[in-house]
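Visitor: Okay, sequence plus prediction incoming.
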Amino acid sequence: MSSYPLVSPDHADEITCDIAIIGSGMGGGTLAWALRDSGADVLLVERGDHLPREEQNWSVEEVFAKGRYKNAEPWIDESTGAEFLPGVHYYVGGNTKVYGACLPRFREKDFTALEHADGTSPAWPVTYAEMEPHYLAAERLFGVHGSPGGDPTEPWRSGDYPYPALEHEPAMADLAARLGAQGLNPFLMPTGVDRREGGGCIRCRTCDGFPCKVEAKSDAETRAVRPATEAGVRLLTRTRVRRLETSGDGRRVVAAVAEVDGGTVRITADRFVLAASAVNTAALLLASGEDGRGLANGSGLVGRRYMVHNTTFLVAVDPRRRNDVVFQKTLGINDWYLSGRHTELPLGNLQMLGKLRASMIKAARPQVPLPILRYLTDHSVDIYLTTEDLPDPENQVVLRDDGRLGVRWRANNLAPHAELVKRVGAVMRAAGYPLVFSERMNIATSSHQCGTAVMGTDPATSVVDPTGRTHDLDNLWITDSSVFPSSTALNPALTIAANALRVASLGALTS
């Protein structure tokens, strides 16, 4: 892979470009790919390095027990003052290096105002119809495998998936049949792996939560950053942007000041794009500016309305039946996703986890002997339940006086989540799994973070406009999940990519 030479750590230096993109994950990497042939000099800035391809990529002990690839600094839970290690990873490609590669579209109604138990999920300033062609382009870019028709909430589409869905293995096919017999509509989840004819995916157990040693996962580095750099986009790694500098009138960003290998580099550009994740984009804005309010914060909403989903891991066990599935993450259920015949208010999404193994859950159940955990996971199916949380201004990212990151997050909309867990437990017992265990995820489960620099038409109630440009600065855009007005109850990765493609297509970045 091509990469821009690192700045010497023993002296300050300056780099000039047309467009500086800060963050190389799904939002930044996809945008760099979209701008690769624009004629602009694009610089992609990543605080991490390339995640190494090595034997340990597929080691359960190394990845989960030892946390080999967890390289984020501790954050502070502002409610308790306790440190926690967030579920984020700083590498070229961002968190997609270890994501589960589940790439659904948001539902058409997700872009409208939706009533929930604890309030209204706000409408987006863009419609599904405006997003749809970019969803299609994102599915092609990331090589999504999927099959339309099985999901009762599925939105309309103008073209087919690039590749057919990954079929269930026997254990999942049996589970789908048992759930279908209860009147539910299990469907094949859209997945980003290179399982096409001649593709590199070997359909292994080490996908969800692991780096891909054979580079067959559709992560942002493999599918977007690499072809972008091959086309001339420059890549600067191990470079952490600490603050943005603005012009005298405060209307333009003139430079990003960054640390690199112990030194300092000043990046100047005509246009800047933040795509560093909802927490880190907000923190960078809060760390910049001269008045203590941060940049792009005329609305006072930078860092606020932090959302991260209500999630539960549910493990259903049949002690009589061993589960030998290899790639478990093929099944989803959305019968309770929206209000309707099955539920008065939206409850959320069910999808499978990658196959859990004993050492993966030992930390959550330290009192249980490993042989017992091994027996249970050998006989379990493993489920991920997600319910939408609502934007609360008191849930926020905090930049502390010592420069450390704090997060204040109080979960909301929990009654529907509890109902979802209850219903799924009941249908799993009816499907022949008498033992059901669940664990609700806490503040550290931050891989679906969003909402801290919300998109809208009114500068008084939003941070960026519908084109992704900040209301307060003429040359600063945001293309990560910070701009999401709502969290929905689905994995955000494909929507981040589609929105980055949409922003690029509008032409303001290159005009």
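Guide: Here it is on my side, so go on.
Visitor: For the helix or strand of the chain with the lowest mean pLDDT, list the C-alpha coordinates in PDB.
Guide: Ranked by mean pLDDT, DSSP states H and E, the helix or strand of the chain with the weakest confidence is helix 358-361, at a mean of 88. Presented in PDB, the C-alpha positions along helix 358-361 are these (Å, rounded to 0.1, in the frame of the first residue of the first chain):
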ATOM      1  CA  ALA A 358     -15.600 -19.800  26.200                       C
ATOM      2  CA  SER A 359     -12.600 -17.500  26.500                       C
ATOM      3  CA  MET A 360     -14.600 -14.600  24.900                       C
ATOM      4  CA  ILE A 361     -17.100 -14.500  27.800                       C
END
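Visitor: Quick check: next helix or strand after it?
Guide: helix 370-378 (DSSP states H and E).
Visitor: and the helix or strand that that following helix is followed by, what other elements does it pack with?
Guide: Remark: after helix 370-378, the chain's next helix or strand is strand 380-387, criterion DSSP H and E. If you count contacts as 3 or more Cβ pairs under 8 Å, 6 or more residues apart in numbering; DSSP states H and E, strand 380-387 packs onto helix 170-180, strand 310-317, strand 349-352, helix 414-430. (C-beta placed from N, C-alpha, C; glycine too.)
Visitor: 10 Å - rerun?
Guide: Judged by 3 or more Cβ pairs under 10 Å, 6 or more residues apart in numbering; DSSP states H and E, strand 380-387 is in contact with helix 170-180, strand 310-317, strand 331-333, strand 349-352, helix 358-361, helix 414-430, strand 435-440.
Visitor: Which of the ones you listed has the lowest mean pLDDT?
Guide: Least confident of the helices and strands packed on strand 380-387, judged by mean pLDDT, is helix 358-361 with a mean of 88.
Visitor: quick one: it to chain centroid distance?
Guide: Remark: helix 358-361 is offset 23 Å from the chain centroid, using Cα atoms, centre = their mean, to the nearest Å.
Visitor: Contacts for it next, please.
Guide: Helix 358-361 has contacts (Cβ atoms under 10 Å, 6 or more residues apart in numbering) with 59-61, 63-66, 209, 313, 315, 353-354, 365, 368-378, 380, 382, 437, 439.
Visitor: Apply 7 Å and report the result again.
Guide: 60-61, 64-65, 370, 373-374, 377 (Cβ atoms under 7 Å, 6 or more residues apart in numbering).
Visitor: outside of stretch 114-126, which residues touch it?
Guide: Contact with stretch 114-126 is made by 111-113, 345-346, 388, 390-391, 412-413, 415-416, 455-457, 466, 485-486, as judged by Cβ under 7 Å, 6+ apart.
Visitor: ok, now with 6 Å
Guide: 111-113, 345, 390, 412-413, 415-416, 455-457, 466, 485-486 (Cβ atoms under 6 Å, 6 or more residues apart in numbering).
Visitor: Which of these has the largest number of neighbours?
Guide: S486 (26 neighbours; other Cβ atoms under 10 Å).
Visitor: hang on, the earlier thing: and the helices and strands packed on strand 380-387, which is most packed in?
Guide: For these, the largest average neighbour count (mean count of other Cβ atoms under 10 Å) is found in strand 349-352, namely a mean of 25.
Visitor: Given that strand, what are its sheet partners and their directions?
Guide: Within its sheet, strand 349-352 is paired with strand 331-333 (antiparallel), strand 380-387 (antiparallel), according to DSSP bridges.
Visitor: and the ones you listed as TSV, adding distance to S218?
Guide: As requested, the strands paired with strand 349-352 are exported to TSV (distance: least, Cβ to Cβ, whole Å):
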stretch	distance to S218
strand 331-333	17
strand 380-387	19
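Visitor: Pick the most deeply packed of the ones you listed.
Guide: When those are compared using mean count of other Cβ under 10 Å, strand 380-387 is most buried, at a mean of 25.
Visitor: which residues in the stretch 401-511 of the chain form strands?
Guide: For the stretch 401-511 of the chain, the strands defined by DSSP state E, counting those that start in this stretch occupy 405-408, 435-440, 476-478.
Visitor: Sorry, wrong one. I was asking about the stretch 151-300 of the chain.
Guide: In the stretch 151-300 of the chain, the strands defined using DSSP E, counting those that start in this stretch lie at 187-188, 234-236, 239-246, 253-260, 263-274.
Visitor: if I look at the residue nearest to G425 when sequence neighbours are not counted, how far off is P186?
Guide: Excluding its sequence neighbours, the residue lying closest to G425 (Cβ to Cβ, 6 or more residues apart in numbering) is V436, at 4.5 Å. Taking Cβ to Cβ, to the nearest Å as the measure, V436 and P186 are separated by 18 Å.
Visitor: From D382, how far out is A171?
Guide: 11 Å.
Visitor: Surely R68 is within a helix?
Guide: No - if the criterion is DSSP: H, G, I helix; E, B strand; the rest coil, then R68 is coil and not within a helix.
Visitor: Relative to H89, how far out is it?
Guide: R68 sits 11 Å away from H89, going by Cβ to Cβ.
Visitor: now swap in P122 and tell me
Guide: Relative to H89, P122 is positioned 30 Å away (criterion: Cβ to Cβ).
Visitor: Those two: which has the busier surroundings?
Guide: More crowded of P122 and H89, by other Cβ under 10 Å: H89, with 21 against 18.
Visitor: Make sure I have this right: the more buried one is in a strand.
Guide: No - read with three-state DSSP, H89 is coil and lies in no strand.
Visitor: Tell me which stretches of the stretch 1-150 of the chain form strands.
Guide: Going by DSSP E, counting those that start in this stretch, the stretch 1-150 of the chain shows strands at 13-22, 42-45, 75-77, 83-84, 114-116, 119-121.
Visitor: partners of the second one in the sheet?
Guide: Which is strand 42-45. In the sheet, strand 42-45 lines up against strand 13-22 (parallel), strand 234-236 (parallel) (DSSP bridges).
Visitor: That strand: what's the following helix or strand?
Guide: Using DSSP H and E, the next helix or strand after strand 42-45 towards the C-terminus is helix 60.
Visitor: What lies in contact with that next one?
Guide: Residues outside helix 60 that contact it (Cβ under 6 Å, 6+ apart): 357, 359.
Visitor: Go again with 10 Å.
Guide: With contacts defined as Cβ under 10 Å, 6+ apart, helix 60 is touched by 66, 205-206, 209-210, 356-360.
Visitor: Would you check how far apart R440 and L420 are?
Guide: In this view, R440 and L420 are 11 Å apart by Cβ to Cβ.
Visitor: so what's in contact with those two at the same time?
Guide: Joint contacts of R440 and L420 (Cβ under 10 Å, 6+ apart) are 310, 312, 314, 385.
Visitor: buried set for stretch 215-235?
Guide: 215-229, 233-235 (16 or more other Cβ atoms under 10 Å).
Visitor: Revised request: answer the last question for stretch 143-158.
Guide: 143-147, 150-155.
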